[in-house]
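Chemist: I would like to see how this sequence folds:
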Amino acid sequence: MAGSFPFIMNIRQRVFFFMAGCLVAITAIGGFSYSYLSEMENIHRTSEITDDISNNILEIRRSEKNFFFYGSPDDLVANHRYTLKAIETIRTIMPELKAHNLGELLGNLKSELDSYDKSMDSVEKCIEGKKGPTCAPFEENVREKGKNLILMSQELVTIERQKIFLIIAKLKTHMIYSILVLTIMGGFLAVVISRKIVRPLKLIEKATYQIAQGNFDLINSENKWHDDEAGKVVVAFNKMISELEKRQEQLIQAQKLSSIGIMAAGIAHQLNNPLNNISTSCQIVIEELDEKENAFLRQMLENSEHEVQRARDIVRGLLEFSRSKEFSLKPSSLKELASKVLKLVAGQIPPCIEIKTDIPDITLNMDQGQMQEAFINIILNAAEAIGENKGEISIRAKTSILDQTVLITVDDTGPGISDTNLSRIFDPFFTTKETSSGTGLGLSIVYGIIKQHSGKISAECLKGKGARFIVELPLFIHHTGD
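Modeler: Numbers count the residues shown, from 1 in each chain. Predicted coordinates for the structure are as follows:
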C-alpha cells in the first residue's frame, strides 16, 4: 500500500491562504452586515408608515372628541379626511407589508376603519335628524371603535419596534462572531509569523553575534522549517557559516606561513654561513689526507660532509619557503609542464612505482618555475607514501567550461591519510615522516604556490586505499581583438 505524504505549505502559501481566508471572511461579514442593514432599512421605512397610520388614528380620535364636545362641522370633516387618509395609506402599503407578516393586522385595521367611518356617518345622520339622548348609543359605538383603532395602531407600532430590536440583536451577535473569527485568524497569523519568521530571524541574529565573537557553530534548525522559506534561509546561513569557517582557516594558514616564513628566513641565514665553513673545512682536510692512510678519519669526514649537505638542503628549503620570488604569470601548456616534471623526478621515483598520466592539451596562466616546484613536491610526496612497495601514481586533468577551471588530481596507492592528519597536512613543519627524513615544508610551499595562482588545493582519502590531491586552477581564456 503506497504511503500518503501530507501536503506541506511554505510561508508564502500559508500567507496566501490566510489572506484568501480573510478575504472570504470579510466578504461574508460584509454580506451579512449588508443584509441586516437592508432589512433594518425596510423595517425602519415600514415603521415610519405605521407611525403615520398611528398619527392619523390619533387625529381621528382628536377630531371625534372635538365633534362630540363642540358639534363643529369642521371637526366632522377632519374626522372623515383622516379616516380616508388612513384607509388609503393601508390600501397602498398592503401588498408590500404582507411580506412582513403584517397583512392580517393591516386588513383588520382597514376593516375597523371602514366600520368606524360608517359609525360616524350614523352619528352624523342621527344628530342631523333627531337631536337628543337617542344618539347616545351611536356615539358610544363610535368611541368603542375608536379605542379599538388606537389599540390596533399601537400593536402595529409595537410589532415594528420589536423587529428593529430583533435585527439590532442579530447584528450585535453577528459582530461578536465576526470579531471572534478575525481574532482567531489574527492569532493564527501571529503564531505563523512568530514561529516561521521571527524565531528563525532571532536564531540568525544570535548566530551573527556568535560569528562576530569567533564562534562558527551551525544553527540547529527545526525539521519543520526545511520546506519553507525560513528553512532555506537557515540552510543558506549555515552554508555561509561553513564557508566563513573555511576562509578563517585559510587566513590562519596564510598567517602561519607568513610568521613561519619570517622565522625560517632568520634561522636559514644564521645557519648558512657556519654550514659553509664546516663543509669547506671538511673538503680541505679530505684533500690533505693520504689516500692510503687514515681511512677511518676520511670516512668520518665524508660522513660529516654528507650530513652538512643534508643540513644545507634543509636550510635551502627554509629559504625557499621564506623567499619572496618575482612572480610572473604566462600562458603555459599544462601537458608540457607535466612532461618536464616527470623527467625531473624520474631519478627519484623507485622502479616499482608506475606513473600514469591523462592530461589533455590545456593552457594555464602560471609561473612555470613555481608550478613545477609544486607538482614535484606533490609527486615526490606520493612516491614517499608508497615507499618501496609496488604501486601506482595517477595524474589526470580535466576542464570545466561552466566554472572556467581546470581540475588536476594526483592519486597514489599508498596507505592513505588519516582523518586526524587530513586537516593538517598543509601546515608548515607538519610531517608524518621521521624527524630525520623531512622538514614538513613541502606541502605548505605547494599550498602557497597554488593560492598565489588563485587556485585551491585539497586532499582526501580514497575509498579503497591511497590518497588523492586535488588542485583547481583557473582556465586561461584567450581573448581576441575585434
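Chemist: Count the neighbours of K147 for me.
Modeler: Neighbour count for K147, taken as other Cβ atoms under 10 Å: 11. C-beta here means a position set from N, CA and C on the backbone, and glycine is covered the same way.
Chemist: Find the helix or strand that it is a member of.
Modeler: Assigned by DSSP states H and E, K147 belongs to helix 136-193.
Chemist: Can you tell me which helices and strands that helix packs against?
Modeler: helix 11-70, helix 103-129 (3 or more Cβ pairs under 8 Å, 6 or more residues apart in numbering; DSSP states H and E).
Chemist: Measure how that helix sits relative to helix 103-129, angle-wise.
Modeler: Put simply, helix 136-193 runs at 160 degrees to helix 103-129, going by axes from the mean of the first three to the mean of the last three Cα atoms, to 10 degrees.
Chemist: moving C-terminal of helix 136-193, what's the next helix or strand?
Modeler: Where DSSP H and E defines the elements, the next helix or strand beyond helix 136-193 is helix 199-212.
Chemist: roughly how far is that next one from the heart of the chain?
Modeler: The chain centre lies 14 Å from the centre of helix 199-212; the measure is Cα atoms, centre = their mean, to the nearest Å.
Chemist: For N421, find the nearest of the helices and strands packed on helix 136-193.
Modeler: The closest of those to N421 is helix 11-70. By Cβ to Cβ, the value is 44.9 Å.
Chemist: Phi and psi next, for L475.
Modeler: phi -80, psi 140 (degrees, to the nearest 10).
Chemist: Neighbours of it, how many?
Modeler: By other Cβ under 10 Å, the residues close to L475 number 15.
Chemist: Give me the below-cutoff pLDDT ranges for the stretch 251-400 of the chain.
Modeler: Counting by pLDDT under 70, the stretch 251-400 of the chain contains low-confidence ranges at 251-269, 272, 290-293, 298, 310, 312-327.
Chemist: Could you dump the helices and strands packed on helix 136-193 into CSV with mean neighbour count added?
Modeler: CSV is the format used below for these (neighbours: other Cβ atoms under 10 Å):
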stretch, mean neighbour count
helix 11-70, 15
helix 103-129, 16
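Chemist: Quick one: these as TSV, columns for distance to I378 and mean pLDDT too.
Modeler: Shown next, in TSV, are the helices and strands packed on helix 136-193 (distance: least, Cβ to Cβ, whole Å; pLDDT from 0 to 100):
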stretch	distance to I378	mean pLDDT
helix 11-70	49	80
helix 103-129	106	81
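Chemist: Surely Q370 and I450 touch.
Modeler: No - counting by Cβ atoms under 8 Å, Q370 does not reach I450; the two are 9.4 Å apart.
Chemist: Those two - which one has more neighbours?
Modeler: More crowded of Q370 and I450, by other Cβ under 10 Å: I450, with 22 against 19.
Chemist: Name the nearest residue to that one, ignoring sequence neighbours.
Modeler: I457 (4.4 Å; Cβ to Cβ, 6 or more residues apart in numbering).
Chemist: Assign the one you found to helix, strand or coil.
Modeler: strand (DSSP: H, G, I helix; E, B strand; the rest coil).
Chemist: same thing with V410?
Modeler: strand.
Chemist: what about the residue nearest to I450, how many neighbours?
Modeler: I457 has 21 neighbours, counted by other Cβ under 10 Å.
Chemist: Tell me what it is bridged to.
Modeler: With DSSP bridges as the criterion, I457 is bridged to V471.
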